[in-house]
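A.B. asks: Got a predicted model here, sequence first, then my questions.
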Amino acid sequence: MIRSGVRTAIAIALVFSLTACEPEPVPPHIVVIVLDTVRADGVGVKLGEFPVTPVFDRLADEGTRFENAYAVAPWTLPSHATLFTGLAPSQHKAVHENFVLGPQYLTLAEFLKTRDYATHAVSSNPWVTKSRGLAQGFDSFEVAFGNVDEMTDKGAKRATDLAIAVLDEAASADRPFHLFVNYLEAHLPYAPPDEGFEAIRVDPASLERRVFSIAEAEAIMAGTREGTAEEFELARTLYLAEIAYQDRQLGRLIDALRERELLDQSLLVITADHGEELGRAGMTGHEFTLSDDVLSIPLVFRFPGRVPSGGRVALPVSHLDVVPTVLHAIDEWESAADLEGLSLLDTPSLTRERPLLAEYAEPVTLREEYWKNRHPDFDTSKWAVALRSLRKGDRKLLENSRGEITLIDKNRPAGASEADDQGRQIIARSMHEELSAWFDRLNRVDRQ
Ligand SMILES: [Zn+2]
């Protein structure tokens, strides 16, 4: 959100409130939960006959699930900054060259404070911190970093305990609250606790090992060694066991909301900041690409009476739509006017397919040093580019900062790495013009 626009909106809202005769409806609580690093197919799936995420699945059934939802960036900082501001990464600039969300950008928490919301955050991710500019607007900001190098990481339990403590305070207050929670279990290393294995009925003794480490993932990414299909299958099982454990902790938080009669008075948003590579083309983690493995994320809204239960929306939507949707839910629609996204509560806007953007700033400085220190032979030049993409229907146009353009077509995966016939060249040219115009406009708006 851009501060000047919101000031105007606030002025308009004040005029309306002075002239209105009816009592103001009580605004809903706003609960936003980020399942960090959970790709779209990391929820709503079964391992064998056991569902990995029964809590998420039930919430999705009680609300509306957006089945084709995409992040606008493949990693934590820019993606959270977008979820907090409604701005694209090239607008908020919390990206690789910068590593912080500047104070000039208005966050959702800051906006909600102007509406008398109590605002609380619990973060399990060391990138989602005050030092990265992401605590702007929160009355309290608790960190629940687990020791990710330990196999018995209890980060999700710690985060849930902290969030429930917030609810205890919020439930007794006579004002709405905004709660943001980041859960980090699905992030590397994949080292599920016993509860995760139990949840998906997998005996860890039957596995070759019960940890897939950051070092292993990086060695495969760096080409130091090749990952095998069996290894990637093991990594996926461990990844899902982490998500299963996390889902049980999410269940504790949802139960706590329900027990305090807060759940149905809340707009609940559940998403992930990005997905994860699990071996596609030898890729691991979530760096260096704008593939659908890292951009495709879960997205559910639950708000009885306002969001249809059992809803399933197949039209592609974006993280840019989250802040406008929240503003719409609290009848602050005008404040979203200068944002790129649309309210997903606004049914007419969902009848047409929109182009969706994503971007990744060149991974410079810290990251290059990081890789050089650990894997001196890793040829990082291949990845030392900025990326941006435009998605339209089943097609995605990818452009890197060397000017190389790739048209990816879901319906034509084989040989889809270049526009190799006349028709595809025309499509690629048209999409590239649209992509360029979009980013030019974003940069123009930002300079005003
Ligand atoms: Zn993340």
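C.D. replies: Received it, and whenever you're ready, just let me know what you need. Numbers count the residues shown, from 1 in each chain.

A.B. asks: Could you please name the strands the helix or strand containing residue 33 pairs with and the direction of each pair?
C.D. replies: Applying DSSP states H and E as the criterion places residue 33 in strand 29-35. According to DSSP bridges, strand 29-35 forms sheet pairs with strand 177-183 (parallel), strand 266-271 (parallel).

A.B. asks: Which residue would be the closest one in the stretch 251-400 of the chain to the ion?
C.D. replies: Residue nearest to the ion within the stretch 251-400 of the chain: residue 273 (4.2 Å; CB to the ion). In this view, the C-beta of every residue, glycine as well, is placed from N, C-alpha and C.

A.B. asks: Ignore what I typed, I meant the stretch 101-250 of the chain.
C.D. replies: For the stretch 101-250 of the chain, CB to the ion, closest residue to the ion: residue 125, 5.9 Å.

A.B. asks: got the contact list for stretch 434-443?
C.D. replies: 88, 90-91, 340, 355, 357, 359, 388-390, 392, 397, 399 (CB atoms under 8 Å, 6 or more residues apart in numbering).

A.B. asks: Distance from the chain centre to it, please.
C.D. replies: With CA atoms, centre = their mean, to the nearest Å as the basis, stretch 434-443 stands 23 Å off its chain's centre.

A.B. asks: What of stretch 429-444?
C.D. replies: With CA atoms, centre = their mean, you get 24 Å for stretch 429-444.

A.B. asks: what pLDDT, on average, does that stretch get?
C.D. replies: Mean pLDDT, stretch 429-444: 93.

A.B. asks: and what of stretch 205-216?
C.D. replies: For stretch 205-216, the mean per-residue pLDDT is 94.

A.B. asks: got the buried residues for it?
C.D. replies: The neighbour-count check on stretch 205-216 (16 or more other CB atoms under 10 Å) flags 210, 211, 212, 214, 216 as buried.

A.B. asks: hmm, back to that, from the rest of the structure, what touches the strand holding residue 33?
C.D. replies: With contact meaning CB under 8 Å, 6+ apart, strand 29-35 is reached by 42-43, 56, 80, 83, 108, 112, 117, 170, 176-183, 186, 243, 246, 250, 253, 257, 262, 265-273, 298, 322, 326, 329-330.

A.B. asks: Skipping adjacent residues, who's closest to the residue positioned nearest the centre of the chain in space?
C.D. replies: By CA atoms, centre = their mean, the mean C-alpha position of the chain lies nearest to residue 273, the distance being 1.9 Å. Nearest residue to residue 273, sequence neighbours excluded (CB to CB, 6 or more residues apart in numbering): residue 79, at 3.9 Å.

A.B. asks: How about stretch 179-197, which residues are buried there?
C.D. replies: For stretch 179-197, by 16+ other CB under 10 Å, it's 179-193, 195-197.

A.B. asks: Restricting the selection to alpha carbons, write stretch 238-251 to CSV.
C.D. replies: Output of stretch 238-251 as CSV, limited to C-alpha atoms (Å, rounded to 0.1, in the frame of the first residue of the first chain):
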residue,chain,number,x,y,z
LEU,A,238,10.4,-36.2,4.9
TYR,A,239,9.1,-32.9,3.6
LEU,A,240,5.5,-34.2,3.9
ALA,A,241,6.1,-35.6,7.4
GLU,A,242,7.3,-32.1,8.4
ILE,A,243,4.1,-30.6,6.9
ALA,A,244,2.0,-33.2,8.6
TYR,A,245,3.5,-32.3,12.0
GLN,A,246,3.0,-28.6,11.3
ASP,A,247,-0.7,-29.3,10.3
ARG,A,248,-1.3,-30.8,13.8
GLN,A,249,0.1,-27.7,15.3
LEU,A,250,-2.1,-25.5,13.1
GLY,A,251,-4.9,-27.6,14.4
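
A.B. asks: Which residues does it contact?
C.D. replies: Residues outside stretch 238-251 that contact it (CB under 8 Å, 6+ apart): 33, 35, 38, 42-43, 45, 47, 52-56, 156-157, 159-160, 183, 185-186, 190-193, 195-197, 199-200, 202, 207, 210-212, 276, 278.

A.B. asks: How about stretch 216-235?
C.D. replies: The contact list for stretch 216-235, computed with CB under 8 Å, 6+ apart, reads 188-190, 207-209, 212, 278-279, 282-285, 287, 371, 374-375, 377-379.

A.B. asks: and residue 228, how many neighbours?
C.D. replies: For residue 228, the count of nearby residues is 11 (other CB atoms under 10 Å).

A.B. asks: Ok, the one 3 residues further on next?
C.D. replies: Residue 231 sits with 17 neighbouring residues when counted by other CB under 10 Å.

A.B. asks: CA atoms of stretch 355-367 as CSV?
C.D. replies: Extracted in CSV, the C-alpha atoms of stretch 355-367 (Å, rounded to 0.1, in the frame of the first residue of the first chain):
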residue,chain,number,x,y,z
PRO,A,355,-2.1,-12.0,-16.5
LEU,A,356,0.0,-12.6,-13.4
LEU,A,357,3.5,-11.5,-12.7
ALA,A,358,6.4,-12.9,-10.8
GLU,A,359,10.0,-11.6,-10.3
TYR,A,360,13.3,-12.5,-8.8
ALA,A,361,16.1,-9.9,-8.3
GLU,A,362,19.6,-11.1,-9.2
PRO,A,363,21.0,-13.0,-6.3
VAL,A,364,24.0,-10.9,-5.6
THR,A,365,26.6,-10.2,-2.8
LEU,A,366,25.6,-12.3,0.2
ARG,A,367,24.3,-15.2,-1.7
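
A.B. asks: show me where this protein has helices.
C.D. replies: 3-19, 54-62, 76-85, 89-92, 108-114, 155-171, 194-199, 214-221, 229-259, 292-295, 322-329, 366-374, 422-447 (DSSP state H).

A.B. asks: Go through these and name the closest to residue 137.
C.D. replies: Closest approach to residue 137 among these (CB to CB): helix 108-114, 3.0 Å.

A.B. asks: Tell me the helices and strands packed up against the closest one.
C.D. replies: helix 3-19, strand 29-35, helix 76-85, strand 118-123, strand 177-183, helix 322-329 (3 or more CB pairs under 8 Å, 6 or more residues apart in numbering; DSSP states H and E).

A.B. asks: near the ion, which residues of the chain?
C.D. replies: For the chain, the residues in contact with the ion (CB under 5 Å from the ion) are 36, 76, 273.

A.B. asks: Let me know whether the first one touches residue 186 as I believe.
C.D. replies: Yes: using CB atoms under 8 Å, residue 36 is in contact with residue 186, at 6.4 Å.

A.B. asks: List the residues that are in contact with both of these two.
C.D. replies: Shared contacts of residue 36 and residue 186, defined by CB under 8 Å, 6+ apart, are found at residue 272.

A.B. asks: what about the residue nearest to residue 273, neighbour count?
C.D. replies: Using other CB under 10 Å: residue 79 sits among 29 other residues.
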